[in-house]
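Chemist: below is the structure, and that's it, no one-letter string:
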């Protein structure tokens, strides 16, 4: 495939992946295989994808902020906690059969989305956000481990973040998504640094993909605020179902 066509393909792929990542999660299951199909080694594809993810989340944060949605400074503390976890996750090397590992993750994804959906059944008027000191401490500890997972794999971490925030802090999916993009932005810095040091990034592909990811994230962040939790929940169910099927049957 000609280099020119590869670059053209990356932009729409990035838009779709950025939209999926911002509204729910799992967009990397689209962008990573495409990068590998284009000839990048898996490790380089992983690092290249982090460039797009970093830029995507800058755009996502800006999009939510433009709509007045923010849970600052709590999102900052969660991001810092996840950042330390991501340093470990990006360096970790675990000897585990890929198929078994992917099937375990598929089960976790389904469990998280069920938790998010059923926990979200509480009517908006009855839901009270819990940003108490106890809930924030639990959140900080949880997000350290979220960072380890995100630094190691990334794909599907959005589902885990949404499930954690709706369960621990009782956040609406809209506000949870605004925290998610901020947290991923922060911890991606450490993971990206590891890939840069190891020279595992194709900068041309990464920056072109980032154009698409940023566009998709901007559209998704503003769309999700306008549509609210109901549409996010529907999108989340579809996204996690597709991801679980792919991990279980096509790992």
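Modeler: Arrived safely, thanks for sending. This structure is a prediction, so every number in the text was calculated from the model and none was measured.

Chemist: give me the number of residues near residue 111?
Modeler: 15 (other Cβ atoms under 10 Å). C-beta coordinates here come from the backbone N, C-alpha and C atoms, glycine included.

Chemist: that one in helix, strand or coil?
Modeler: Under DSSP: H, G, I helix; E, B strand; the rest coil, the three-state class of residue 111 is helix.

Chemist: so it versus residue 245, what's the distance?
Modeler: 15 Å (Cβ to Cβ, to the nearest Å).

Chemist: what kind of secondary structure is the nearest residue to residue 38 once chain neighbours are set aside in?
Modeler: Spatially, and ignoring its direct neighbours in sequence, residue 38 is nearest to residue 6 (5.2 Å; Cβ to Cβ, 6 or more residues apart in numbering). Secondary structure assignment for residue 6 (three-state DSSP): helix.

Chemist: for the record, mean pLDDT for stretch 62-75?
Modeler: What stretch 62-75 shows for mean pLDDT is 89.

Chemist: for that stretch, which outside residues touch it?
Modeler: Residues from elsewhere that reach stretch 62-75 (Cβ atoms under 8 Å, 6 or more residues apart in numbering): 22, 131, 136, 139, 169, 171, 174-175, 177-179, 181-183, 217-222, 225-226.

Chemist: and if we set it to 7 Å?
Modeler: Residues outside stretch 62-75 that contact it (Cβ atoms under 7 Å, 6 or more residues apart in numbering): 131, 136, 171, 174-175, 178-179, 181-183, 217-218, 221-222, 225.

Chemist: what's the answer for stretch 2-16, then?
Modeler: The contact list for stretch 2-16 (Cβ under 7 Å, 6+ apart) reads 30-31, 34, 38, 52, 205, 208-213, 215-216.

Chemist: what about 8 Å?
Modeler: By Cβ under 8 Å, 6+ apart, stretch 2-16 touches 27, 30-31, 34, 38, 52, 56, 204-205, 208-216, 219.

Chemist: re earlier: measure the residue nearest to residue 38 to residue 156 for me?
Modeler: 26 Å.

Chemist: which residue in the contacts of stretch 62-75 has the weakest pLDDT?
Modeler: residue 225 (82).

Chemist: buried among the contacts of stretch 62-75? Need that as a selection in ChimeraX.
Modeler: In ChimeraX, a selection of the buried entries from the contacts of stretch 62-75 looks like this (16 or more other Cβ atoms under 10 Å):
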select :136,171,174,175,178,179,181,182,183,217,218,221,222,225
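
Chemist: so where's the stretch 1-150 of the chain uncertain?
Modeler: 1, 92-106, 108-109, 112-113, 115-127 (pLDDT under 70).

Chemist: ok, now which ones touch residue 52?
Modeler: 14, 17-18, 31, 206, 209-210, 212-213.

Chemist: no, scratch that, I was asking about residue 205
Modeler: By Cβ under 8 Å, 6+ apart, the residues touching residue 205 are 6-7, 10, 35, 38, 40, 48.

Chemist: restricted to strands, list those residues.
Modeler: Residues of those located in strands (DSSP state E): none.
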